[in-house]
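Enquirer: I need the structure of the sequence given here:
(chains A, B, C and D)
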Protein chains: 2
Amino acid sequence: MSSYHHGDLRRAVLDRALEVVAEQGPAALSLRAIAADLGVSHTAPRHHFGSNTGLLTAIAIEGFEILRERLAQLRDQRAPFLELGVAYVEFASAHPAHFAVMFQPTLLDPTDATLEQAADATFAELRAGVEAIAPGSSTQDAAAVVTAAWSLMHGLATLELTGNLERSQIRRLLGLTDIADIARRAGSLLGASSRSAPSS
Amino acid sequence: MSSYHHGDLRRAVLDRALEVVAEQGPAALSLRAIAADLGVSHTAPRHHFGSNTGLLTAIAIEGFEILRERLAQLRDQRAPFLELGVAYVEFASAHPAHFAVMFQPTLLDPTDATLEQAADATFAELRAGVEAIAPGSSTQDAAAVVTAAWSLMHGLATLELTGNLERSQIRRLLGLTDIADIARRAGSLLGASSRSAPSS
DNA sequence: CTTCGATCTTTACAGTGGCAACTTACCGAT
DNA sequence: ATCGGTAAGTTGCCACTGTAAAGATCGAAG
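Expert: Numbers count the residues shown, from 1 in each chain, chains lettered A, B, ... in the order given. Okay, here's the model as predicted:
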């Protein structure tokens, strides 16, 4: 009875895949290599994820859910808008593999309904956060703010994860080591002008 | 004399690779498939690029050079700082395959000296643009501005290229179709506050 | 005309993903 | 208690890809 059934192979494959993606990027992911690491046959993961893109899609779904829960939590706490952005960057820093996969549609299964639903739910949470900060502003002004804020935080997270923030020595120039502090500093540059221009 | 030598196989492979990357992402790139498309043997590209990552590295180098030239051009024209950001986004939009590869170190050859040099030269151009806009501000203030600006433009370009700007319907809410206009609108939110806080 | 280097081809091998058929374990209904 | 269905896992196979070494072809310099 030793181990025909693994117990929780699905979770084990996911965890190992997250390690590989975080260390070597999504392109280096190999179902066979993962199966070998876990000591199961090379087609065992197929039962849970179908294919290579199926595994990546599952990671993306999990990422969207983690992020959405965190954003919803902040919204319940009536947290300031800036903290949503900070949480976005912190999520990317804490879950680099998830983040690296979530926004790369070429790696994912476009027909997966669960993925679409998870992504939409997360976007809805972001929009709700914007509603809270600028209830009186016009639709276009609000859209401009969310575009700028989302772009800034997404870009910061991306540059950090790809090592480009480090290589460009920005961290040293800023004198900040914590990525959340950097996010607050950069984000506050946006907040100053967005607060000063409610147009209603 | 028909065709033992291709003429300019290197350029042909690069162009075909750019098409594939733009349409299906870097992971879908196959040296053999490209060779087949061009009607040469499957190892011919290897002679020019060495390996798969060698090809991607060559694309990244080309991308850094195109971007650097454009930034240098704007600097010669004493263009406003915002236009550097707009040019950054326009570059990503015009050369999606280059952009998709340039900032993904896991896909590139880290030992390539030419790549490192091309990237450093481009970063230097960006820093020079910041010097021009805020000569009197402190080092940390300038670093904060460049972090926010770079992050914003990089994030906007990334979200646009991955289709996430489209899916989140931000374009429609903004009422802007041209990505450069979106970049100006979003970037101007930053500019307003950065101009108002010279600290010298 | 010869030689040489760059370019391209041929041939070969290992790794990977995906598919089909089969085996083993679990679980609920009878 | 067992019987049958389903989930989980295995083995074997094929097609495709990357990598490598050695040979063939061309252009050009001498």
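Enquirer: Output the host helix or strand of residue A:99 as PDB, restricted to C-alpha atoms.
Expert: Using DSSP states H and E, residue A:99 sits in helix A:96-102. C-alpha atoms of helix A:96-102 as PDB (Å, rounded to 0.1, in the frame of the first residue of the first chain):
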ATOM      1  CA  PRO A  96       6.800  35.900  -8.400                       C
ATOM      2  CA  ALA A  97       5.900  32.700 -10.300                       C
ATOM      3  CA  HIS A  98       2.200  33.400 -10.100                       C
ATOM      4  CA  PHE A  99       2.700  37.000 -11.300                       C
ATOM      5  CA  ALA A 100       5.000  36.000 -14.100                       C
ATOM      6  CA  VAL A 101       2.400  33.800 -15.600                       C
ATOM      7  CA  MET A 102      -0.800  35.700 -14.900                       C
END
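Enquirer: So in chain A, which helix runs the longest?
Expert: Determined from DSSP state H, the single longest helix within chain A is helix A:52-76.
Enquirer: So is it next to DNA strand C?
Expert: Yes: applying C-beta under 7 Å from any atom of the strand, one finds helix A:52-76 in contact with DNA strand C at A:52-53. From N, CA and C alone the C-beta is placed, and that goes for glycine too.
Enquirer: So for the next helix or strand after that helix, what gets flagged as buried?
Expert: Proceeding C-terminally, helix A:52-76 gives way to helix A:81-94 as the next helix or strand, assigned by DSSP H and E. Neighbour counts over helix A:81-94 (16 or more other C-beta atoms under 10 Å in any protein chain shown) mark A:81-93 as buried.
Enquirer: so which of those residues would you say is closest to residue B:50?
Expert: residue A:92 (32.5 Å; C-beta to C-beta).
Enquirer: who touches the closest one in this structure?
Expert: A:99, A:157-158, A:160-161 (C-beta atoms under 8 Å, 6 or more residues apart in numbering or on different chains).
Enquirer: out of the residues you listed, who's near DNA strand D?
Expert: Of these, not one also sits near DNA strand D (C-beta under 7 Å from any atom of the strand).
Enquirer: Out of those, the closest to residue B:73 would be?
Expert: residue A:158 (25.7 Å).
Enquirer: Find the centremost residue of chain A, please.
Expert: Note on chain A: the residue nearest the mean C-alpha position is residue A:99, at 3.5 Å, using C-alpha atoms, centre = their mean.
Enquirer: Next one: that one from residue B:186, what distance?
Expert: Separation of residue A:99 from residue B:186 (C-beta to C-beta, to the nearest Å) stands at 21 Å.
Enquirer: Next: residue A:169.
Expert: 25 Å.
Enquirer: In strands only, show me the contacts of residue A:92.
Expert: If you go by DSSP state E, these have nothing in strands.
Enquirer: Out of these, which is nearest to residue B:7?
Expert: Distance to residue B:7, by C-beta to C-beta, is smallest for residue A:158 among the contacts of residue A:92, at 38.7 Å.
Enquirer: Excluding chain neighbours, give the residue nearest to that closest one in space.
Expert: Once flanking residues are discounted, residue A:158 sits nearest to residue B:158: 5.8 Å by C-beta to C-beta, 6 or more residues apart in numbering or on different chains.
Enquirer: and the one you found, how far is that from residue B:92?
Expert: Residue B:158 is 8 Å from residue B:92, by C-beta to C-beta.
Enquirer: where does chain A have low pLDDT?
Expert: Along chain A, segments meeting pLDDT under 70 span A:1-6, A:133-137, A:191-200.
Enquirer: ok so, going back, what does the helix holding residue A:99 contact?
Expert: By C-beta under 8 Å, 6+ apart, helix A:96-102 touches A:17-19, A:21-22, A:25-26, A:56, A:59-60, A:62-64, A:66-67, A:91-92, A:107-108, A:119, A:157, A:161.
Enquirer: Now for residue A:21: which residues touch it?
Expert: Contacts of residue A:21 by C-beta under 8 Å, 6+ apart are A:28-29, A:59, A:96-97, A:100-101.
Enquirer: Dump those residues into TSV; add neighbour count and distance to residue A:147 as well.
Expert: Shown next, in TSV, are the contacts of residue A:21 (neighbours: other C-beta atoms under 10 Å in any protein chain shown; distance: C-beta to C-beta, whole Å):
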residue	neighbour count	distance to residue A:147
A:28	12	33
A:29	22	32
A:59	26	27
A:96	18	24
A:97	24	27
A:100	25	22
A:101	26	23
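Enquirer: follow-up on the earlier one: is there a neighbour count for the residue nearest to residue A:158? I'd like the number.
Expert: 24 (other C-beta atoms under 10 Å in any protein chain shown).
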